[in-house]
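Trainee: Kindly generate the corresponding structure for this input.
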Amino acid sequence: MKSAGCEFVYVDVEKPSDRDKLKNAELFFADNKDKTVVIDKVQLMPELFSAIRSSID
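Mentor: Residues are numbered from 1 along each chain as shown. The predicted model follows:
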């Protein structure tokens with residue numbers, strides 16, 4: 001997904017295929033480090049918060 005020169009990755013945690021993308025969250029964030037990542041329903045996967053924190057620190 002692109003908007004005004006920015007690349008976005010949208011992940012919906014309620015979709016099994018998107019949830020599978022986040023099984024290795026550190027790799028997912030590393031692969032998408034130059035993009036804006038939008039995670040819908042992130043509260044359903046609280047284990048992601050430590051990976052998110054590691055990626056932005």
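
Trainee: contacts and neighbour counts: CA atoms only from here.
Mentor: OK.

Trainee: From Met45, how far off is Val13?
Mentor: Using Cα to Cα, to the nearest Å, Val13 is found at 8 Å from Met45.

Trainee: more crowded one of those two?
Mentor: Shown here are Val13 and Met45; by other Cα atoms under 10 Å, Val13 has more neighbours (19 against 12).

Trainee: quick one: contacts for that one?
Mentor: Counting by Cα atoms under 8 Å, 6 or more residues apart in numbering, Val13 touches 19, 39-42, 44-45.

Trainee: what's the answer for Arg19, then?
Mentor: Taking Cα under 8 Å, 6+ apart, we find Arg19 in contact with 11-13.

Trainee: can we see that at 7 Å?
Mentor: Arg19 sits next to Val13 when contact means Cα atoms under 7 Å, 6 or more residues apart in numbering.

Trainee: elements contacting the lengthiest helix in the chain?
Mentor: In terms of residue count, the longest helix belonging to the chain (DSSP state H) is helix 48-56. Counting contacts by 3 or more Cα pairs under 7 Å, 6 or more residues apart in numbering; DSSP states H and E, helix 48-56 packs against helix 25-31.

Trainee: Tell me the buried residues in the helix it packs on?
Mentor: For helix 25-31, a neighbour-count test (16 or more other Cα atoms under 10 Å) marks 25-26, 29 as buried.

Trainee: Distance to Ile52 for those - can I get that in JSON lines?
Mentor: Formatted as JSON lines, the buried residues of helix 25-31 follow (distance: Cα to Cα, whole Å):
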{"residue": "Ala25", "distance to Ile52": "8"}
{"residue": "Glu26", "distance to Ile52": "8"}
{"residue": "Phe29", "distance to Ile52": "8"}
